[in-house]
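A.B. asks: how would this look folded up:
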Amino acid sequence: MQKVAARTDPGKKRQHNEDAMAAMPEQGIYVVADGVGGRAAGEVAAAICVDAFRAAAAGIAERVSTFNAQPTMETRNGVLLAMDETCQTASRRIYETAESEGKAGMTTTLVVAVFGSGMAFLCHVGDSRAYLVRNQRLHQLTEDHSMVNELVRSGKMTLAEARASRHRHVITRAVGLYPNVQPSLAAVDLVAGDRFVLCSDGLSDVVPEDVIALEGSAESLDAGAEALLRAALDNGGPDNITVILIDPSGAEPVDEAAARAKLLETLFLFKDMPYSQRLQVSRIMQEHHFAPGDDLFAAGSEDRRMYIMLEGEVRVERDNLELATLTAGEHFGELSLIDRDPRSATIRAATYGSAVSVGAEDLETFVKEEPALGAELLWKLLTVMGQRLRRTNERLAVVQGGPR
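C.D. replies: Numbering: from 1, shown residues only. Here you go, the predicted structure:
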């Protein structure tokens, strides 16, 4: 069972706390919701959202148990789907309550963390945040759904300008604004010693990241949570403040999980991506392990996946001829993401190793759900295909007697 400490306060300038939270260590589920839309309405929206997750806790925990027994891409995404479904339930209930009680604009932000065997599952809407403290270094796991963050991503505003903007609290997604909502979902491998921080923007807006890292890694969870709450109050405390610190259980050995995380960072898909975005993309990636002689796919098959080598060695074969050898960091099959032609060659393992893959249908769904990040991902794929086409043209030019 996880260890947890939680604190909440309305802040210096408020009489009433519109935040709501839930800590359910037995199921490994933790929720922070920050209500929007006036004092009473915000409180109601946040409470409805948290209650929806309390009611769904057993079902989410069952999906986690399935993942624990058989950790695959399908069972992993089954947990995320259960969190998504609960978000939809909460959004619909808040929207209907606002309609029936004349409280238009009653919404809430949300951040949820669910822990399974060696993995944390994340779901968030708005600008409440999840952080990971690993080796006393802070990683922001969620990316704010806010107007200024969109401007920063598009290059129209700097981070300094965003922090000073009077529009920094304008969020672009909220639970209850419509009957349905699009949460951002992600999953992250756990490493022994990891600590998670869930908080409302009442803390993240006013407490510097180095302080969150320092106090968030305190030996005592209670002391760390209290210190973070005090830091927010000391820095003005203009908004509701809620923080949950969690020490998860069931983490993988440090060397194994950390090495895999480091390797994934080097993949071309993740180049220049913030940690939070890499986590979102990782949820559509499937991991494959192979032994010598195994076929990742055979010539003539209709396998619509792009593969990226993590470790080991595979050979590209056609008509019993070896065409190429691929090792860690190399990729193949990207054209299958955009056409339906059968595979023209067989990919056969020469050693023990592993690879990750992205399927065409999963990529298409991801682009629809996260259009901004999806566009970045498609651009990376297009760039890689362009580079490969250029190299092919250069080889052809050499074979034909040089450029003309």
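A.B. asks: Could you pull out the buried residues of stretch 213-233?
C.D. replies: 213-218, 221, 224-233 (16 or more other CB atoms under 10 Å). Where you see a C-beta, it was placed from the backbone N, CA and C, and this is true even at glycine.
A.B. asks: neighbours around Gln277, how many?
C.D. replies: Counted with other CB atoms under 10 Å, the burial measure for Gln277 works out to 20 neighbours.
A.B. asks: Over to the one 5 residues further on?
C.D. replies: Number of residues near Ser282 (other CB under 10 Å) recorded here: 19.
A.B. asks: So what does it have for phi and psi?
C.D. replies: With angles defined as degrees, to the nearest 10, Ser282 sits at phi -60, psi -30.
A.B. asks: from memory it sits against Ala187, does it?
C.D. replies: Yes. With contact defined as CB atoms under 8 Å, Ser282 and Ala187 form a contacting pair (6.6 Å).
A.B. asks: care to break the chain down by domain?
C.D. replies: The chain is divided into the following domains under automatic domain parsing: 3-251, 284-399.
A.B. asks: Take the buried residues of stretch 213-233 and keep only those in helices.
C.D. replies: Here DSSP state H is the test, and the buried residues of stretch 213-233 give 213-216, 221, 224-233 as lying in helices.
A.B. asks: Would you mind checking which of those is nearest to Val50?
C.D. replies: Taking CB to CB as the measure, Val50 sits nearest to Ala225 out of these, at 18.0 Å.
A.B. asks: What residue, apart from its backbone neighbours, is nearest the closest one spatially?
C.D. replies: Spatial nearest neighbour of Ala225, excluding adjacent residues (CB to CB, 6 or more residues apart in numbering): Ala5 at 4.1 Å.
A.B. asks: Would you agree the one you found is in contact with Leu228?
C.D. replies: No. When contacts are counted by CB under 8 Å, Ala5 is not listed as touching Leu228 (9.8 Å).
A.B. asks: For the two, list the residues in contact with both.
C.D. replies: Listed contacts common to Ala5 and Leu228 are Leu245; contacts here mean CB atoms under 8 Å, 6 or more residues apart in numbering.
A.B. asks: And for Gly236, the neighbour number?
C.D. replies: Residues within reach of Gly236, counting by other CB under 10 Å, total 13.
A.B. asks: Correct me if wrong: it contacts Val206.
C.D. replies: Yes. Using CB under 8 Å as the test, Gly236 is close enough to Val206 to be in contact (5.7 Å).
A.B. asks: what about this protein, any weak spots by pLDDT?
C.D. replies: Screening the chain residue by residue with the criterion pLDDT under 70, one finds the ranges 1, 15, 37-40, 154, 162, 250-264, 399-404.
A.B. asks: remind me, longest helix of it?
C.D. replies: Longest helix of the chain, by residue count under DSSP H: helix 39-69.
A.B. asks: Next, the angle from the next helix or strand after that helix to helix 39-69.
C.D. replies: Moving toward the C-terminus from helix 39-69, the first helix or strand encountered (DSSP states H and E) is helix 73-101. Using axes from the mean of the first three to the mean of the last three CA atoms, to 10 degrees, the interaxial angle of helix 73-101 with respect to helix 39-69 works out to 160 degrees.
A.B. asks: Quick check: buried residues in helix 73-101?
C.D. replies: Residues of helix 73-101 classed as buried: 73, 75-80, 82-84, 86-95, 97-98 (neighbour count, 16+ other CB under 10 Å).
A.B. asks: and what of stretch 29-48?
C.D. replies: Buried residues in stretch 29-48, counting neighbours by 16+ other CB under 10 Å, are found at 29-37, 41-48.
A.B. asks: Just confirm Thr8 is within a strand.
C.D. replies: Yes. Secondary structure of Thr8 (DSSP: H, G, I helix; E, B strand; the rest coil): part of a strand.
A.B. asks: in the sheet, who's paired with it?
C.D. replies: Bridge pairing for Thr8 (DSSP bridges) gives the partners Thr242.
A.B. asks: Go ahead and confirm it touches Glu18.
C.D. replies: No. Between Thr8 and Glu18 no contact is recorded; they are 10.3 Å apart, counting by CB under 8 Å.
A.B. asks: higher neighbour count, these two?
C.D. replies: Set side by side, Thr8 and Glu18 give different neighbour counts by other CB under 10 Å, the larger being at Glu18 (27 against 19).
A.B. asks: and the spatially closest residue to Glu226 that is not a sequence neighbour, how many neighbours does it have?
C.D. replies: In space, Glu226 comes closest to Arg7 once its chain neighbours are excluded; the distance is 6.3 Å by CB to CB, 6+ apart. Arg7 has 21 neighbouring residues, counting by other CB under 10 Å.
A.B. asks: for Arg7, what are its contacts?
C.D. replies: Applying CB under 8 Å, 6+ apart, one finds that Arg7 lies in contact with Ala225, Glu226, Leu228, Leu229, Ile241, Thr242, Val243.
A.B. asks: farthest pair in those?
C.D. replies: Taking CB to CB, the two most distant members of the contacts of Arg7 are Glu226 and Thr242; they sit 13.1 Å apart.
A.B. asks: burial measure for Ile338, as a count.
C.D. replies: That count, for Ile338 with other CB under 10 Å as the rule, works out to 14.
A.B. asks: Could you tell me how far it is located from Ser357?
C.D. replies: As judged by CB to CB, to the nearest Å, Ile338 and Ser357 stand 15 Å apart.
A.B. asks: try Ser344
C.D. replies: 17 Å.
A.B. asks: higher neighbour count, these two?
C.D. replies: For Ser344 versus Ser357, neighbours defined as other CB under 10 Å are more numerous around Ser357 (23 against 11).
A.B. asks: got a list of what the more buried one touches?
C.D. replies: Counted by CB under 8 Å, 6+ apart, Ser357 has contacts Met285, Gln286, His288, Arg305, Met306, Tyr307, Ile308, Gly333.
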